[in-house]
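J.: predicted model and sequence follow; I will ask about them next.
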Amino acid sequence: MSIVDHNPISVSPRISEATVGDYIALLKPRVMSLVIFTALVGIVMAPGHMHPVMAFTALLCISVGAGASGALNMWYDRDIDAVMSRTQKRPIPQGRVTPSEALTFGMTLSFFSVFTLGTLVNWFAAGLLAFTIFFYVVIYTMWLKRSTAQNIVIGGAAGSLPPVVGWVAATGSLSVEPLILFAIIFLWTPPHFWALSLYRTDDFIRAKLPMLPVVAGPAATRLQILLYTVVLVAVAIAPWPLGYFDRAYGIVSVISGAAMLWLAVQVYRKREGAAAEQAARNLFAFSILYLFVLFATLLVDALLPFAMRLAG
């Protein structure tokens with residue numbers, strides 16, 4: 001694993017044509033929004049009181065670290081991004097941002113996000129943020145993504161860490177609750193991304209990436225989606241009877257989990273033509289809503305006592 005140019009074909013011009021919008025695109029705003037949201041839940045759920053300025057600083061550092069990971073991911077993956085229809089319009093394949101600019105941008109943001117979090121909040125959280133960036137860029141992007149069909153399973157750990165970093169930023173320590181949040185996102189990632197890969201298989205074949213539908217076939221992928229969804233729903237519901245999360249979360253997790261499981265069953269059952277593609281698209285779209293609803297319920301539940309105090 002090296003940061004030297006692994007792609008002999010240059011896809012960038014001699015002079016950068018980058019705009020502010022191109023640099024924002026390098027941050028992967030959609031992914032960053034999920035990171036911000038889940039990290040916020042980790043911060044708000046944490047016991048004790050974190051000063052709003054410190055909370056904002058922690059959240060900003062975590063989001064910038066996520067953006068840095070996105071920029072470094074686009075820098076390294078510029079060769080495969082250029083041949084996949086889903087990613088061809090990214091700034092580097094389009095030649096608006098040079099690889100060296102993206103690398104410098106990502107490394108600079110990585111350093112300042114970690115250093116600022118450590119200096120102003122605490123170094124435990126900063127260390128976790130640094131590990132998250134390293135895991136996503138080096139372990140997932142540079143190694144797992146191109147070498148194993150389990151890339152998204154193992155690599156999903158990086159996307160599962162933001163709420164843990166948020167909790168640690170607020171408390172300086174770990175507990176069961178952030179690990180539950182980690183487990184939910186970790187188990188959510190494979191069925192979410194494999195649903196996408198079922199109707200984007202041609203993209204991954206062109207990029208020569210060993211995604212599960214390419215390596216094991218659609219039938220095995222559908223079975224894995226169903227199995228992971230069963231485990232995900234069970235793990236997401238479990239904190240309620242175990243006493244970690246309250247009844248409101250329990251009801252939401254049961255209802256949304258039933259819908260998630262039903263859609264996974266449809267993906268497993270529908271295997272041909274437009275119906276199969278639509279089933280995969282439905283699961284992919286709903287999985288985003290599923291995760292949002294679970295974490296939004298926890299966020300509202302954590303903020304409700306504070307709101308009631310203000311109202312009183």
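T.: Good, I have the coordinates.
J.: just read off the phi/psi values of the residue nearest to residue 81 when sequence neighbours are not counted.
T.: Using CB to CB, 6 or more residues apart in numbering and skipping residues adjacent in sequence, the residue nearest residue 81 is residue 87, 4.0 Å away. Bear in mind the C-beta positions are built from the backbone N, C-alpha and C, glycine included. Per-residue torsions, residue 87: phi -130, psi 0 (degrees, to the nearest 10).
J.: what's near enough to touch residue 87?
T.: 77, 80, 81, 93 (CB atoms under 8 Å, 6 or more residues apart in numbering).
J.: any idea how far residue 25 is from it?
T.: According to CB to CB, to the nearest Å, residue 87 and residue 25 sit 11 Å apart.
J.: picking up where we left off before, go through the contacts of residue 87 and say which is closest to residue 233.
T.: residue 77 (31.7 Å; CB to CB).
J.: tally of neighbours for the nearest residue to the closest one once chain neighbours are set aside?
T.: Spatial nearest neighbour of residue 77, excluding adjacent residues (CB to CB, 6+ apart): residue 141 at 6.4 Å. Residue 141: 22 surrounding residues under other CB atoms under 10 Å.
J.: what do you get for the one 5 residues further on?
T.: By the other CB under 10 Å criterion, the neighbourhood of residue 146 contains 17 residues.
J.: hmm, residue 207 and it touching each other?
T.: No: using CB atoms under 8 Å, residue 146 makes no contact with residue 207, being 9.1 Å away.
J.: the residue most central in space within the chain: which element?
T.: Residue closest to the average C-alpha location in the chain (CA atoms, centre = their mean): residue 159, at 3.7 Å. With elements taken from DSSP states H and E, the one containing residue 159 is helix 151-160.
J.: tell me what that helix is packed against?
T.: Under the contact criterion of 3 or more CB pairs under 8 Å, 6 or more residues apart in numbering; DSSP states H and E, helix 151-160 touches helix 29-45, helix 176-199.
J.: low-confidence stretches in the stretch 101-250 of the chain?
T.: For the stretch 101-250 of the chain, no stretch has pLDDT under 70.
J.: that one: helices as residue ranges?
T.: 123-134, 145-147, 151-160, 162-171, 176-199, 201-207, 212-215, 218-237, 247-269 (DSSP state H, counting those that start in this stretch).
J.: for residue 305, which of those is the nearest?
T.: Closest among the helices of the stretch 101-250 of the chain, using CB to CB: helix 247-269, at 13.1 Å.
J.: can you name the next helix or strand after the closest one?
T.: As assigned by DSSP H and E, the chain's next helix or strand after helix 247-269 is helix 273-311.
J.: now that following helix: buried residues?
T.: 276, 279-280, 282-284, 286-287, 290-291, 293-295, 297-299, 301-302 (16 or more other CB atoms under 10 Å).
J.: and the angle from that helix to helix 218-237?
T.: 20 degrees (axes from the mean of the first three to the mean of the last three CA atoms, to 10 degrees).
J.: which helices and strands sit right next to helix 273-311?
T.: By 3+ CB pairs under 8 Å, 6+ apart, helix 273-311 packs against helix 29-45, helix 176-199, helix 218-237, helix 247-269.
J.: residue 122: which of those is closest?
T.: helix 29-45 (12.5 Å).
J.: so which bits of that closest one are buried?
T.: Judged by neighbour count using 16+ other CB under 10 Å, the buried positions of helix 29-45 are 31-32, 34-45.
J.: give the other helices and strands that it contacts.
T.: helix 52-76, helix 151-160, helix 162-171, helix 176-199, helix 273-311.
J.: so residue 75 sits against residue 93, correct?
T.: No: with contact defined as CB under 8 Å, residue 75 does not reach residue 93; the gap is 11.5 Å.
J.: the more surrounded of the two?
T.: More neighbours surround residue 75 than the other of residue 75 and residue 93, with 25 against 21 (other CB under 10 Å).
J.: dump the helices and strands packed on helix 151-160 to JSON lines, plus distance to residue 63.
T.: Below are the helices and strands packed on helix 151-160 laid out as JSON lines (distance: least, CB to CB, whole Å):
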{"stretch": "helix 29-45", "distance to residue 63": "5"}
{"stretch": "helix 176-199", "distance to residue 63": "16"}
